[in-house]
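Engineer: the sequence and its predicted three-dimensional model are supplied below.
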Amino acid sequence: MQFKIALLKQQHDEILSAVAELTKLFAGSFEDAVPQLGTARTTLARLIAKHLKTEEEELHAPLRARRLTTQIPAFADIAAETRDLRLAYSAHIGDWHARAVQADWSGYTASARRLHAALERLTRREEEEIYPAAQRLLSELR
């Protein structure tokens, strides 16, 4: 299980690095950001999707299969937070298409900053409240 936790943390680092790269673009104007904006947004979305898939396969499914999720006090709360953030991110992507971003750059950047802050909080909670407990519980079964 140690390897899988390391992989999940590595993916968190990659996601947060992509967030930082996207956020750097917010310092300038839309016109300054546009050459890299699409790629930065796509990269972040791809990394998040990859992580959610890995987390489900390597962590959540094994915990559920062994009925261990209730032994992690924060599991249900963090799962709900993850679901809510996924919905908010999907809505954000739908609301902030290219023309909307161009029309309201400051609105887009404010919306993205709020999502990024929530994502950073969620990754920290997973690493502090879920991963150590999951590692211990799943290691005990081997």
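Structural biologist: Thanks, I have it. Numbering: from 1, shown residues only.
Engineer: tell me which helix or strand in this structure has the weakest average pLDDT.
Structural biologist: The helix or strand of the chain with the lowest confidence, counting by mean pLDDT, DSSP states H and E, is helix 131-140 at a mean of 90.
Engineer: buried ones in that helix?
Structural biologist: Buried positions in helix 131-140, judged by neighbour count with 16 or more other CB atoms under 10 Å: 131, 133, 134, 135, 137, 138. C-beta here means a position set from N, CA and C on the backbone, and glycine is covered the same way.
Engineer: name the helices or strands packed onto it?
Structural biologist: Where contact means 3 or more CB pairs under 8 Å, 6 or more residues apart in numbering; DSSP states H and E, helix 131-140 is packed against helix 2-25, helix 61-65.
Engineer: to residue 49, which of the ones you listed lies closest?
Structural biologist: Nearest of those to residue 49, taken as CB to CB: helix 2-25 at 10.4 Å.
Engineer: alright, that wraps it up for me.
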